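Peer 1: Here is a sequence with its predicted model. Questions after.
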Amino acid sequence: MAIKTVNFGGVAALLSAVCMLNPSVAAAQARDPVQLISEAGANGDGAVSWVEVIAMRTQTFARLDRNKDGLISAADRPRGAFGVRFDQAYASVKSQFDANGDNLVSRAEMVDAPSPVFDLGDTNGDRILSAEELAALRSAARNK
Ligand SMILES: [Ca+2]
Ligand SMILES: [Ca+2]
Ligand SMILES: [Ca+2]
């Protein structure tokens, strides 16, 4: 299968970085790079649509843009213990979504960004990761 020739190492690193956005489950997800995108499947039918991925990003953006100025930036860093957690999440979203390299992540940069993992998994191109496509993605990631 062509999917197995893809370098999942990079994808795994990308996804494990994203897991830091949700530290309560980061440990459990660390070994499963496809878990995060699976979690976007909010309606519980085992499939993940692109719409659900966008909804998840929108939620994450809203959580990190604490001062609600439409940008994730150092100005959103909370005081105290949560600051470190924010720094990790900020570094992670910057590395993935800061397309223009200005160290700020705008809503458009994050919400409208392409997803290599999604595109990789969506082999029939219908913008839905079916349960079968997710399973293929998981097994390809495991066999990297
Ligand atoms: Ca902000
Ligand atoms: Ca930017
Ligand atoms: Ca599909």
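Peer 2: Nice, I can see it. Ligands and ions are numbered 1, 2, ... in the order given.

Peer 1: so where's this protein shaky on pLDDT?
Peer 2: 1-33, 36, 42-44 (pLDDT under 70).

Peer 1: 80 instead?
Peer 2: 1-45, 144 (pLDDT under 80).

Peer 1: for ligand 2, what are the nearby residues on it?
Peer 2: Contact residues, the chain versus ligand 2 (CB under 5 Å from the ion): 98, 100, 102, 104. C-beta coordinates here come from the backbone N, C-alpha and C atoms, glycine included.

Peer 1: Distance to ligand 1 for these - can I get that in a markdown table?
Peer 2: Below are those laid out as a markdown table (distance: CB to the ion, whole Å):
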| residue | distance to ligand 1 |
| --- | --- |
| Asp98 | 14 |
| Asn100 | 16 |
| Asp102 | 13 |
| Leu104 | 8 |
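
Peer 1: List the buried residues of the helix or strand where Glu132 lies.
Peer 2: Using DSSP states H and E, Glu132 maps to helix 131-142. Of the residues in helix 131-142, 133-134, 136-138, 140-141 count as buried by neighbour count, 16 or more other CB atoms under 10 Å.

Peer 1: cool, stretch 60-70 as well?
Peer 2: Going by neighbour count (16+ other CB under 10 Å), the buried part of stretch 60-70 is 60-61, 64-65.
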